[in-house]
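Student: Fold the following for me, if possible:
(chains A and B)
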Amino acid sequence: MSDKQKKATAYWKENVKYLFILLTIWFLVSYGAGILFKNALDSIKIGGFKLGFWFAQQGSIYVFVILIFVYVHLMNKLDKKYGYNE
Amino acid sequence: MSVQIWTYLLVGITFALYIGIAIWSRAGSTKDFYVAGGGVSPLANGMATAADWMSAASFISMAGIIAFAGYDGSVYLMGWTGGYVLLALLLAPYLRKFGKFTVPDFIGDRYYSKTARIVAVICALIVSFTYVAGQMRGVGVVFSRFLEVDINTGVIIGMIIVLFYAVLGGMKGITYTQVAQYCVLIFAFMVPAIFISIQMTGNPIPQLGMGSKLSDGSATFLLDKLDGLSTELGFNAYTDGTKSIADVFAITLALMVGTAGLPHVIVRFFTVKRVKDARKSAGLALLLIAILYTTAPAVSVFARTNMIKTVSEKEYSEMPAWFTNWETTGLLTFEDKNKDGKIQYVADANKNELIVDRDIMVLANPEIANLPPWVIALVAAGGLAAALSTAAGLLLVISASVSHDLIKKVFKPNISDKGELWAARMAATVAVVIAGYFGINPPGFVAAVVALAFGLAAASFFPAIVLGIFYKKMNKEGAIAGMVVGTLLMLFYMTKFKFDWFGGGTSEDWWFGISPEGFGSIAMVVNFLVSITIMKFTPPPPENVQEIVEDIRIPSGAGEATDH
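Tutor: Alright, predicted model coming up:
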């Protein structure tokens, strides 16, 4: 394997690791908090919101937005580290 | 000034704006026409994507659906936003690096096969036509209620406007009109929401107002009040659902994956300059979409509470003007079953006297809350902006599928750039006419086929694209088999339970208790399994294709979107 290929493989591995972590959070807030554990979380109340209901109609969406911007930030750093930025 | 004059004024100004932008940004080459020249800034692309994505369904119908479905409506909120995470992380950057014009371009090249390309074109056409018919209908509804013209005249006016800027400007014209349309639609959605939030809870931020106490001095939380009102009338508590957990899970997944697989959304990320711009503009798009999507559930709560308070057990003769206005459109009907002159709005269908079409909740909301006429007119202009921007984006996918993917890549490879541009404009014109026809004569199955569009996008494109990027060894045999099996399975399930083909069936016969709306997620999993199994028994993709895959994984050197 040439150096260039090694670099590309290492970059890809880190990228996939980030995806795995971010998508786990993505799954937990929507399918976890908003659906599977909704009823359990509903026993907790914050203001007028039952927590599970809040995750399903509000919280998960906020987290989605944050996730993408975290991803953008991580990838820009990663691109720089491997010299793929332009 | 009356609502009517305000509406003419605001709709007239916004339409003039869209046409002005279209003339200023008309397309000179196929590259302008398909990908806006490839130099759109991430913010402009984010706004255009948001307007493209938020259709008449998001603007007009969604809050109404949630108002009546309560927690069950969450599937749309999570499904239609969560898909952008998949899009940003799994698709957009790589497809931008790949650097072609359309989704079938990617499928055709990555799977080195004309068959794969044609399968992708057919899926893209079915998905887009399904969608566009619904948009034209939305235009017609807004026109007929607010400008008091006939629905069909409304559809024709909408057709002419879209035709003008889609055919003239292509992607370039559409992108910049969509930027303007985003501003109009978000302003139009937020203003009444803020007004009503202040009215009901004293909190100017609807997202917080929804969880606040009522300002009528009762010191009850709004959501508790609504839960109480709903159960009193025999409905489900608003914050609890009626659907099974498995079904909510499946529908949310199908909508998310379908969103990520919709060609008119994906194609937007071909228009930016660099891979990092594609990532960033996906984030901006979702941020801009989230403003509406987190406000919509608040609007639902306000509207449902207001409606129950206004009508329940009240004298029919004392109903406000909006009630009669909507009665004349037939979207709201009252039948005094027990002849007491009062309106009984209850869950029991035998005793319920009021039927409200869920599509009118957002449009009627400002009237129900007694807001000034200009706010009501603004909502009409916003609804039109939402419907027109989505229709234009879809028409572009349709015309590119025909002129680029079929004519240029399959039938007539040596066509000149000018000839192709001409073909693209012809295709867009024909598509507008067909869409208008469906808008005037809506097929009764529109609601059913919109779910089908998401199911199909989930069952066909998403696995093929993801495997194409993340699984170097995926070959054409696997991908084609997966797309064909996934699509056919989805069509079979949909037609069986929606149109009663293949013996039909009721909700008791659903496989694993999954509704047709959620079945796209099952069909998607089947697509993945079939693709991988077939791949194991067939030859690996050629060396140069594996090199393409390695190349799209590296963000640098994206260059511009090119033809070859």
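Student: longest helix anywhere in chain B?
Tutor: helix B:151-201 (DSSP state H).
Student: so what's residue 82 up against?
Tutor: Assuming you mean chain A. Contact partners of A:Tyr82, counting by Cβ atoms under 8 Å, 6 or more residues apart in numbering or on different chains, are A:Lys7, A:Ala10, A:Tyr11. Every C-beta, even on glycine, is put in place using the N, C-alpha and C of the backbone.
Student: my bad, the chain I had in mind was chain B
Tutor: Applying Cβ under 8 Å, 6+ apart, the residues near B:Gly82 are A:Trp26, A:Ser30, A:Ser60, A:Phe64, B:Thr252, B:Met256, B:Thr259.
Student: In contact with whatever residue of the stretch 351-500 of chain B ends up closest to chain A, which residues?
Tutor: Nearest residue of the stretch 351-500 of chain B to chain A, counting by Cβ to the nearest Cβ: B:Phe470, 7.9 Å away. B:Phe470 makes contact with A:Val16, B:Leu90, according to Cβ under 8 Å, 6+ apart.
Student: how about a cut-off of 6 Å?
Tutor: Under the criterion of Cβ atoms under 6 Å, 6 or more residues apart in numbering or on different chains, B:Phe470 has no contact partners.
Student: ok, now B:Leu396?
Tutor: Counting by Cβ under 6 Å, 6+ apart, B:Leu396 has contacts B:Met171, B:Ile174.
Student: how near is it to B:Ser58?
Tutor: 19 Å (Cβ to Cβ, to the nearest Å).
Student: same deal with B:Ile205?
Tutor: Distance from B:Ile205 to B:Ser58, by Cβ to Cβ: 20 Å.
Student: tell me which element B:Thr333 is part of?
Tutor: Taking DSSP states H and E as the criterion, B:Thr333 maps to strand B:332-334.
Student: what comes up buried for that strand?
Tutor: Neighbour-count burial for strand B:332-334 flags B:Leu332, B:Phe334 (criterion: 16 or more other Cβ atoms under 10 Å in any protein chain shown).
Student: For A:Ile61, see how far away B:Leu223 is.
Tutor: 17 Å.
Student: which intervals of the chain have sub-threshold pLDDT?
Tutor: Assuming you mean chain A. Scanning chain A for pLDDT under 70 picks out A:1.
Student: um, chain B though
Tutor: B:145-146, B:442-451, B:558-564.
Student: Return the residues of it in contact with chain A.
Tutor: B:71, B:74, B:77-78, B:81-82, B:85, B:88-89, B:211-212, B:221-223, B:239, B:248-249, B:279-280, B:282-283, B:286-287, B:290, B:293-294, B:297, B:553-556 (Cβ under 6 Å from any Cβ of the partner chain).
Student: Of those residues, which belong to helices?
Tutor: B:74, B:77-78, B:81-82, B:85, B:222-223, B:248-249, B:279-280, B:282-283, B:286-287, B:290, B:293-294, B:297.
Student: Disregarding residues adjacent in the polypeptide, which is nearest to whichever residue of chain B sits closest to chain A?
Tutor: Residue nearest to chain A within chain B (Cβ to the nearest Cβ): B:Phe221, separated by 3.2 Å. Residue nearest to B:Phe221 in three dimensions, not counting chain neighbours: A:Gly48, with 3.2 Å by Cβ to Cβ, 6 or more residues apart in numbering or on different chains.
Student: so what's the one you found up against?
Tutor: So A:Gly48 contacts B:Gly211, B:Ser212, B:Phe221, B:Leu222, B:Leu223 (Cβ under 6 Å, 6+ apart).
Student: In CSV: the residues you listed, plus neighbour count.
Tutor: CSV is the format used below for the contacts of A:Gly48 (neighbours: other Cβ atoms under 10 Å in any protein chain shown):
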residue, neighbour count
B:Gly211, 22
B:Ser212, 19
B:Phe221, 19
B:Leu222, 23
B:Leu223, 23
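Student: With respect to B:Lys412, which of those is nearest?
Tutor: B:Gly211 (59.1 Å; Cβ to Cβ).
Student: where along the chain do the strands fall?
Tutor: Since you didn't name a chain, this refers to chain A. Remark: strands assigned in chain A by DSSP state E are A:45-46, A:49-50.
Student: meant chain B actually
Tutor: B:332-334, B:354-356.
Student: Most tightly packed of the strands of chain A?
Tutor: strand A:49-50 (a mean of 22; mean count of other Cβ atoms under 10 Å in any protein chain shown).
Student: In this structure B:Leu162 contacts B:Ala392, no?
Tutor: Quick fix: residue B:162 is Val, not Leu. Yes: B:Val162 lies in contact with B:Ala392 (Cβ atoms under 6 Å); the separation is 5.4 Å.
Student: Which one's more surrounded, these two?
Tutor: B:Ala392 (32 against 29; other Cβ atoms under 10 Å in any protein chain shown).
Student: What residues does that one make contact with?
Tutor: Taking Cβ under 6 Å, 6+ apart, one finds B:Val162, B:Ala166, B:Ile174 in contact with B:Ala392.
Student: ok, now B:Ile554?
Tutor: Here B:Ile554 is in contact with A:Ala8, A:Tyr84 (Cβ under 6 Å, 6+ apart).
Student: Widest-spaced pair of the contacts of A:Gly48?
Tutor: Longest span within those, Cβ to Cβ: B:Ser212 and B:Leu223, 9.2 Å.
Student: I'd like the distance from the most centrally placed residue in chain A to chain B, if you could.
Tutor: Central residue check for chain A by Cα atoms, centre = their mean: the C-alpha nearest the mean position is that of A:Leu22, 2.5 Å away. Distance, A:Leu22 to chain B, by Cβ to the nearest Cβ, to the nearest Å: 6 Å.
Student: hang on, isn't that residue packed against A:Phe69?
Tutor: No: with contact defined as Cβ under 6 Å, A:Leu22 does not reach A:Phe69; the gap is 10.8 Å.
Student: Chain A: helices as residue ranges?
Tutor: Counting by DSSP H, the helices of chain A are A:3-27, A:38-41, A:51-54, A:60-81.
Student: Can you tell me which of the ones you listed is packed in deepest?
Tutor: helix A:51-54 (a mean of 24).
Student: who does it touch, helix- and strand-wise?
Tutor: On a contact count with 3 or more Cβ pairs under 6 Å, 6 or more residues apart in numbering or on different chains; DSSP states H and E, helix A:51-54 meets helix A:38-41.
Student: Alpha carbons only: can I get the helix it packs on in CSV?
Tutor: The C-alpha coordinates for helix A:38-41 follow below in CSV (Å, rounded to 0.1, in the frame of the first residue of the first chain):
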residue,chain,number,x,y,z
LYS,A,38,-41.3,7.9,25.6
ASN,A,39,-43.8,6.6,28.2
ALA,A,40,-41.1,6.1,30.8
LEU,A,41,-39.7,9.6,30.2
